[in-house]
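K.L.:
Okay, predicted coordinates and the sequence, questions at the end:
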Amino acid sequence: MTRWHAAYAWLDGRTGPDPDVLIEVTDGRFTTIDVGVPAPPDATRLAGLVLPGLANTHSHAFHRALRGRTHTGGGTFWTWRERMYDVATRLDPDSYLALARATYAEMALAGITCVGEFHYLHHAPDGRPYADPNAMGAALVEAAAQAGVRLTLLDTCYLTATVDGKPLAGPQLRFGDGDAAGWAARVDAFRPAGDHARLGAAIHSVRAVPAAQLGDVAGWAAAHDAPLHAHLSEQPAENEACLAYHGTTPTGLLAGAGALGPRTTAVHATHITRADLTTLGGSGTGVCLCPTTERDLADGIGPARAIADAGSPLSLGSDSHAVIDPFEEARAVELDERLRTRRRGHFGAGELLRAAGPAGHRALGWTDAGRIAVGARADLVAVRLDSVRTAGVEPVGALFAATAADVDLVLVDGAVVVRDGRHVRVDVPAELARSVANSYGEDVA
Ligand SMILES: [Zn+2]
């Protein structure tokens, strides 16, 4: 049993932090939580504000290689995608393991204890399967283990290039499994190694899975009681193509295929109609917002408040990893809404924390994590309140002031992964520099 004493801790279901919280952990679970007690001599003191483990609900690990290399030019989402494909073409299981390990370790430094990897780099660049057809997925599972975070591998069905069914070509060839049955057969053969990992399913988008096969992917997720994620209406062009070809919106198409419901998370939902809102919320479908990516890719601002009010639980993802900072991601939900409406005060800090913590974990199938509560997985994130950014803030306001750089200690399933702001196993900047350079074929000193 280990004992921790928090100056302030944000406990499950509370609208703000409580002072002087004693937390006991046994076998990776919280066993005791007492509020308002002094620190016993054998407890490790946690200064600042202690939060539950944060979930990064939407990640493409290899996009980390694009940071700072795609931001100076102009263009659109679609021109950015060409650069993204350049990187996608170069990775193999070994280089992917190195890049993902460094990226997931960067996430741990930011207070992320669980990541949802939306994984579609399945095969060799020419589309032929590796000797182990799940070698790339296995590399991601191993990367998460080495980085000390939990992972839900959202194995992504990606079959076509366009809504009207054009075949995959060029860099997309390695994404494809032929048809949904081929995708399911490969996923069924995958046994992720380690208790830190679980499998989920994803529909890349309505561009990438023909309407007649959407139900097969949804059926796989239902049969395995697994999370199902899908990119949804990130770009108006996707909506227009879907309306023209299918006569309905992407939301309508997914609903018709039985792909919506409480196990489903729609990613982005930036450009949705009022009817889409009702369909998503009424079915209990979650929505994962990725504000730093949506701003970076000039996607637009989704109707976050309306989505939540319609009944969709919100979660958060760093997606393209232009930024890996769950604090920035969380406050952007409120701040973007302010820009749109020219009014303040749409989301309380407790609601933003719920999106960053328990809702994200639930969207990834980890229903027993993301909360500081007896019986839950012992994930803790201690945030400094004495840095240049956070000195003088009220603990309840820390979500609006702190950054990933203020994370001091991270506990995942009871194990210390970050201490004194450093990853206990990974030299994160060095490994990022090396693995990113390697994904461009550059020499590293
Ligand atoms: Zn994405």
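P.N.:
Structure's in. What do you need?
K.L.:
is it true that residue 156 touches residue 202?
P.N.:
Yes: at 4.0 Å, residue 156 and residue 202 qualify as touching, with contact defined as CB atoms under 8 Å. To be clear about C-beta, it is placed using only N, CA and C from the backbone, and glycine gets the same treatment.
K.L.:
any common contacting residues for those two?
P.N.:
Taking CB atoms under 8 Å, 6 or more residues apart in numbering as the contact criterion, the residues that touch both residue 156 and residue 202 are 118, 119, 120.
K.L.:
Can you tell me who the first one pairs with across the strands?
P.N.:
Legend: beta-bridge partners of residue 118 under DSSP bridges are residue 154.
K.L.:
Against residue 140, how distant is residue 128?
P.N.:
As defined by CB to CB, to the nearest Å, residue 128 lies at a distance of 20 Å from residue 140.
K.L.:
The two: who's more crowded?
P.N.:
Comparing residue 128 with residue 140 by other CB atoms under 10 Å, the one with more neighbours is residue 140, at 30 against 10.
K.L.:
quick one, phi psi at that one?
P.N.:
The phi and psi values for residue 140, taken as degrees, to the nearest 10, are phi -70, psi -40.
K.L.:
what residues are up against it?
P.N.:
Counting by CB under 8 Å, 6+ apart, the residues that residue 140 touches are 61, 96, 97, 100, 117, 119, 151, 153.
K.L.:
What's the local residue count around the fourth one?
P.N.:
Same thing as residue 100. Here the count is done by other CB under 10 Å, and residue 100 has 29 residues near it.
K.L.:
host element of it?
P.N.:
helix 93-109 (DSSP states H and E).
K.L.:
Please name every helix or strand in contact with that helix.
P.N.:
Packed against helix 93-109, as judged by 3 or more CB pairs under 8 Å, 6 or more residues apart in numbering; DSSP states H and E, are the following elements: strand 54-59, strand 112-119, helix 135-147, strand 407-412, strand 415-419, strand 422-423, helix 428-438.
K.L.:
Tell me the buried residues in it?
P.N.:
Neighbour-count burial for helix 93-109, counted by 16 or more other CB atoms under 10 Å, picks out 93, 95-109.
K.L.:
tell me the angle of that helix relative to strand 415-419?
P.N.:
Helix 93-109 runs at 80 degrees relative to strand 415-419, counting by axes from the mean of the first three to the mean of the last three CA atoms, to 10 degrees.
K.L.:
Name the residues that touch the lowest-mean-pLDDT helix or strand in the chain?
P.N.:
The element with the least model confidence among the helices and strands of the chain, by mean pLDDT, DSSP states H and E, is helix 77-90, at a mean of 82. Defining contact as CB under 8 Å, 6+ apart, one finds that helix 77-90 is touched by 62-63, 65-66, 69-70, 73, 121, 125, 170-172, 174, 234-235, 237, 297-299, 320, 439-441.
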